[in-house]
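*Asks:* pasting the sequence and the predicted coordinates here, then a few questions.
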Amino acid sequence: MREPEIDTRRKMLWIALVLFTWMIILIWRLSWLQVAEHEHYLQKADRNQRKEFEVIPLRGSILDRNGKELALTIILDSLYADLKLLAREEDREKAVRLLAPLLGAEEVDLRALLSGNSSFVWLKRKLEPETSWKVRRAIKENGLHGLGVKQETQRSYPNDSLAAHLLGYVGAEDKGLGGLEQTQDERLRGRPGEVDLRTDASGRPFERSEIPATNGPRLSITIDTALQHKVEVLLDEALKMSGAKGASAIVLDPKNGEILVMANVPVFDPNERPKISDLILRHNRAISFPFEPGSVFKLVTYAAVLEEGLANPNDLINCENGQMKIGKRVIHDTHKYGMLTVTDAFAQSSNIAAVKLAQRVGKEKLIDYISRFGFGLKTGIELPGESRGIVNPLSIWRKDSIGSVAMGHEISVTLLQAISAMAAIANRGVWVRPHLIKSIHTVDGQVLYQVEREDRRVVSEETALRMKDLLTQVVTSGTARHAIHLNGYTAAGKTGTPQKIDERTGRYSGGKYMPSFAGFVPASNPQFAIIVMIDEPKGNHYGGVVAAPIFNLIAEAALGDFTVPPDEQDFRKALADVTKQMSAQE
């Protein structure tokens, strides 16, 4: 065999070996991809052909007791740009010239947004409907590919600042901030849905599946919008007239604990983005700012002494001519009273009488009644930031602490705690947990939550009726006699004029007060428990002069709005009947 033929055969063998090796590698690689890597590439292909979009649910509405919308969600268009599609400089400049006047934006700012090559950039979020229509038309008529409109949700409060401290507000990411929006955020948000699109190689969809979003449920609350508005207007007028820092009021149904009104002024508009300077305004002072209640707290002292049988309404108390020493401290009355009945001492708000009665009860029993009435404990209201107030343990009471606590010092309470205690007397001695939420329903009417009454007996019915008698004397002949005048209705209540603590010195300030009045109407058959507090009024600062007149106006509005008939019976007769029954049982 010739040498050239041998070389040719060797070359062919080498070529055949290389081809065989290549085929083995190729077969191995194909086998590896189709077997070992099958799942990986299947998922990759699926991702390339599949597009998923989250469907944002509508946030649930908040309705008042009559079904009026207090908070709702609306759909608004937001403008965005895909700068990879809007790549040409002349197209970007054209977009700047067209959109700047429509959006009310500076051209230089819009030009900065349209620089770069990002596939998504917001140009303007949540456009007004008229603006959105103009923008859509401009994009279509000028063929601006790369600009698009995406729908977003926005929370709206149609009554502006009405009940803002109760409702709260919603942040940019649809997260509840403050009020019911915060505590009920998870419920109100609903459940997102999902759209699944399958596309071919050209990006055209050929298959679509959808899991619909579940919109948030409707939240029905106890507030009466009309009465809430009237109270806020009255408080605002009181603020202007007194030059005070703030004012608050609560109207409560004592029988079931429903809060009809919870108002604070100054107010804020939850439709507007909060500023650092007004964040303090967004705190609900009715539940978050505890204060020394002053003489309103004498309700607890007198209820305790009557319940324990340590005094009767007609018993006489020596008020020491307006001055009494307890420990190293001297207690004063505003007037130099001598001998007063328990009823008159309460009506005239004698500090000395309150101290002497508290001494009969004793500190252990007194602190028990304080707890019974709900002080030092959160009410459980469905709002964020509720304070439990301050009730010092007996271990740190001084010798004169019982005197201080008896007249509402050395203790801090919230406005809601104070009116809940007053409501317990109105409700014949039964404390009912105050609440804002009546029910929660899905959009198709399914009940998710229905409020259940929570209550506890604080004092006997007899004691409650006797206390009602004492509270009425405050209105007819006591510290509020010049302020409460309800034609055809009786009223009961208690004034308070506590001094504020100076934060710098820790002592009582010389001229800063928080006058208040708490009570209920009608006295014979209480329908509303009402409390009013004015923070740092200038000039006159007595509860009977500053707060009681506002109470009177709120009571008139509530009685009229709810068409409550005038008193049909004298509660004194009811008190006599109960006393007679108990005597017969004994």
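*Replies:* Thanks, I have the structure now.

*Asks:* for T214, which residues are in contact?
*Replies:* 57, 190-191, 193 (CB atoms under 8 Å, 6 or more residues apart in numbering). Where you see a C-beta, it was placed from the backbone N, CA and C, and this is true even at glycine.

*Asks:* assign T153 to helix, strand or coil.
*Replies:* strand (DSSP: H, G, I helix; E, B strand; the rest coil).

*Asks:* isn't it up against D77?
*Replies:* No. Between T153 and D77 there is no contact under CB atoms under 8 Å: 11.3 Å.

*Asks:* neighbour count: those two, which is higher?
*Replies:* Between T153 and D77, D77 has the larger neighbour count (other CB atoms under 10 Å), namely 20 against 16.

*Asks:* need phi/psi at the more buried one.
*Replies:* For D77, the backbone dihedrals (degrees, to the nearest 10) come out as phi -90, psi 140.

*Asks:* give me the neighbour count for the residue lying closest to it once chain neighbours are set aside.
*Replies:* Leaving aside its sequence neighbours, D77 sits nearest to S132 (CB to CB, 6 or more residues apart in numbering; 4.0 Å). The tally of other residues near S132 (other CB under 10 Å) stands at 19.

*Asks:* run a quick check on S132 versus K150, I expect a contact.
*Replies:* No. Look at S132 against K150 with CB under 8 Å: they stay out of range, at 10.9 Å.

*Asks:* just want the most central residue of this protein.
*Replies:* G179 (2.5 Å; CA atoms, centre = their mean).

*Asks:* check the residue nearest to D77 and give its pLDDT.
*Replies:* You'll see S132 listed with a pLDDT of 85.

*Asks:* so who does it touch?
*Replies:* Here S132 is in contact with 76-77, 79, 149 (CB under 8 Å, 6+ apart).

*Asks:* the same query, at a cut-off of 10 Å, please.
*Replies:* By CB atoms under 10 Å, 6 or more residues apart in numbering, the contact set of S132 is 76-79, 102, 124, 126, 149, 151.

*Asks:* and for G389?
*Replies:* 290-293, 370, 374-378, 411-414, 416-418.

*Asks:* 6 Å instead, please
*Replies:* 290, 375-376, 412-414, 417 (CB atoms under 6 Å, 6 or more residues apart in numbering).

*Asks:* please name the bridge partners of Q151.
*Replies:* Beta-bridge partners recorded for Q151 (DSSP bridges): D77.

*Asks:* hang on, it packs against I75?
*Replies:* Yes. Applying CB atoms under 6 Å, one finds Q151 in contact with I75, separated by 5.4 Å.

*Asks:* just to revisit the earlier point, what comes up buried for the helix or strand harbouring the residue nearest to D77?
*Replies:* With elements delineated by DSSP states H and E, S132 resides in helix 129-141, which encompasses its position. In terms of neighbour count (16 or more other CB atoms under 10 Å), helix 129-141 has its buried residues at 131-132, 134-136, 138-139.

*Asks:* could you export that helix as CSV, CA atoms only?
*Replies:* Extracted C-alpha coordinates of helix 129-141, given in CSV (Å, rounded to 0.1, in the frame of the first residue of the first chain):
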residue,chain,number,x,y,z
PRO,A,129,-60.4,62.8,36.0
GLU,A,130,-60.4,65.9,33.7
THR,A,131,-56.6,66.0,33.5
SER,A,132,-56.4,62.2,32.8
TRP,A,133,-58.8,62.6,29.9
LYS,A,134,-56.7,65.4,28.4
VAL,A,135,-53.5,63.4,28.9
ARG,A,136,-54.9,60.3,27.2
ARG,A,137,-56.1,62.3,24.2
ALA,A,138,-52.7,64.0,23.9
ILE,A,139,-50.9,60.6,23.9
LYS,A,140,-53.3,59.1,21.3
GLU,A,141,-53.3,62.1,18.9
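
*Asks:* any chance you could map the strands in the stretch 151-300 of the chain?
*Replies:* In the stretch 151-300 of the chain, the strands defined using DSSP state E, counting those that start in this stretch lie at 169-170, 176-177, 193-199, 205-211, 218-221, 246-252, 259-265.

*Asks:* residue contacts, the residue nearest to A483 when sequence neighbours are not counted?
*Replies:* Leaving aside its sequence neighbours, A483 sits nearest to A548 (CB to CB, 6+ apart; 3.5 Å). Applying CB under 6 Å, 6+ apart, one finds that A548 lies in contact with 480, 483-484, 517.

*Asks:* let's have the residues you listed in JSON lines, adding distance to K500 and pLDDT.
*Replies:* Shown next, in JSON lines, are the contacts of A548 (distance: CB to CB, whole Å; pLDDT from 0 to 100):
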{"residue": "A480", "distance to K500": "21", "pLDDT": "89"}
{"residue": "A483", "distance to K500": "22", "pLDDT": "87"}
{"residue": "I484", "distance to K500": "25", "pLDDT": "89"}
{"residue": "F517", "distance to K500": "17", "pLDDT": "95"}
